[in-house]
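> Give me the fold of what follows.
(chains A, B, C and D)
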Protein chains: 2
Amino acid sequence: MTDITSEGPSEHRGVPGQSPLAQDAGRRSPNADLIACIELFYFAYRGFTCDPDTILEQYGFGRAHHRVLHFVHRNPGLKVAELLDILQITKQSLARVLKQLVDESFIIQKAGNEDRRERRLYLSAKGARLTDKLTQIQAKRIEGALAELGQGADVVARNFLFAMIAEKDRPQVEALIRSEHGGLPADESNCNPREP
Amino acid sequence: MTDITSEGPSEHRGVPGQSPLAQDAGRRSPNADLIACIELFYFAYRGFTCDPDTILEQYGFGRAHHRVLHFVHRNPGLKVAELLDILQITKQSLARVLKQLVDESFIIQKAGNEDRRERRLYLSAKGARLTDKLTQIQAKRIEGALAELGQGADVVARNFLFAMIAEKDRPQVEALIRSEHGGLPADESNCNPREP
DNA sequence: GCCAATAAGTCAACATGACTGACATAACGT
DNA sequence: ACGTTATGTCAGTCATGTTGACTTATTGGC
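Alright, predicted model coming up:
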């Protein structure tokens, strides 16, 4: 693993980032390492999204579609309102992509059992196939990245990402991720795995 | 530091991520931890951008403006072609925001000394003030995130982010970051710090 | 000095994904 | 029956990305 941010022989994530050369070589406003982080985050996010983007393009979809597919896949039976809450976009923004996904039957809507006003969202087999493909390519990139790092990097990476989330969003994200890891999908009677 | 992705008492990034409970609790297609990473990356990027977005809004600017300001700030004397190469957008996309920034004199253009076709980009004092403000708030968030983690997390985080970058972009990003950390700004005669 | 190549700017047109505010419909619950 | 809620929809706007074609200024080789 190459530490691009510290020049000297800083063997295998030894010292935090306090190698005399790397630290504040340029001495501009904040710490140079933090500025590197800022830029790396930008480029990393670009890397994070580029693989799925390529695939989505072939379907005439964009990132917005991807996000919908992803969260419905991980949370079958999700309500529209919940999805809006996760994505933090407006009804209209969601409606546009959701309509497309429903029309092309990547996503299936089903009225709630208890409350028939709700439109529970599920992936069709077709939708699940596409979403799995997207997840896999993205997971592969992350896996590859973590493999370049030392042991324990995955936990640090996850904790770092979590700590980057706006404070107000953290409880929600934490709950969301926990629930997807085998817990109940945020509600009661929607535990039918997929394809209603 | 709270490890939201592994339930048990996994003291201070001990075992990678192999705690029996956390690992593959749900057993959907890929590793559940990797899926958590995917979502965390999305939410983290949202957190990463939300602070600057708020400030930029007050100036009638968006993220595109921010990126231009940032890279010009870190690389004074940058050529338009180089900026296009960094941002990987089209001339037209850049022209729109750049024109605005020049018109409102956040950015100053100066013909190159050697080659007068080039328009070297510099920040005005006003532009530098804004950009510093944006950098500081973003650096603060990263600093805060890293502070929540253990020692050495910063190096791991940077290396993780770097490893997430598309392979083809890595040399460029590495060169860019290195040059900003006190090196020469990609060319010869453009080392006048700022404000020509 | 001519001319091809280069750096940059510009124009017209378009797509995506975000936003707003207002309004419609259906179902729930008191 | 009526107010609230969940959802859908309409009309219009904005920011940011795209394409392709074209202009202008300047450079460097011949």
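> Have a look at chain A and report its longest helix.
helix A:32-59 (DSSP state H).
> which residues in chain A form helices?
Secondary structure of chain A (DSSP H): helices at A:32-59, A:63-74, A:80-87, A:91-103, A:125-148, A:153-164, A:170-180.
> re earlier: the longest helix of chain A near chain B anywhere?
Yes. Contact of helix A:32-59 with chain B (Cβ under 8 Å from any Cβ of the partner chain) involves A:32-48, A:50. Glycine gets a C-beta too; all of them are placed from N, C-alpha and C.
> for DNA strand D, what are the nearby residues on chain A?
Counting by Cβ under 7 Å from any atom of the strand, the positions of chain A adjacent to DNA strand D are A:79-81, A:91-92, A:95, A:98-99, A:109, A:115, A:117-119.
> Just the C-alphas of stretch A:133-151, formatted as CSV.
Written as CSV, here are the backbone C-alpha positions of stretch A:133-151 (Å, rounded to 0.1, in the frame of the first residue of the first chain):
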residue,chain,number,x,y,z
LYS,A,133,-25.0,-5.9,-10.6
LEU,A,134,-24.5,-2.3,-9.5
THR,A,135,-23.9,-3.3,-5.9
GLN,A,136,-21.4,-5.9,-6.9
ILE,A,137,-19.3,-3.6,-9.0
GLN,A,138,-19.3,-1.0,-6.3
ALA,A,139,-18.6,-3.5,-3.6
LYS,A,140,-15.7,-4.9,-5.7
ARG,A,141,-14.1,-1.5,-5.9
ILE,A,142,-14.4,-1.0,-2.1
GLU,A,143,-13.1,-4.4,-1.5
GLY,A,144,-10.2,-3.8,-3.8
ALA,A,145,-9.4,-0.5,-2.0
LEU,A,146,-9.5,-2.1,1.4
ALA,A,147,-7.4,-4.9,0.2
GLU,A,148,-4.6,-2.5,-0.6
LEU,A,149,-4.7,-1.3,2.9
GLY,A,150,-3.6,-3.1,6.0
GLN,A,151,-5.7,-5.2,8.4
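> and for it, what are the contacting residues?
Applying Cβ atoms under 8 Å, 6 or more residues apart in numbering or on different chains, the external contacts of stretch A:133-151 come out as A:1, A:12-13, A:47-48, A:51-52, A:55-56, A:66, A:69-70, A:73, A:153-154, A:157, B:16, B:29-31, B:34-35, B:37-38, B:41, B:156, B:159-160, B:163-164.
> Tell me if that stretch is near DNA strand C.
No. Residues of stretch A:133-151 are not located near DNA strand C by Cβ under 7 Å from any atom of the strand, the shortest gap being 13.0 Å.
> what about A:Lys79, neighbour count?
The number of residues packed near A:Lys79 is 19, by other Cβ atoms under 10 Å in any protein chain shown.
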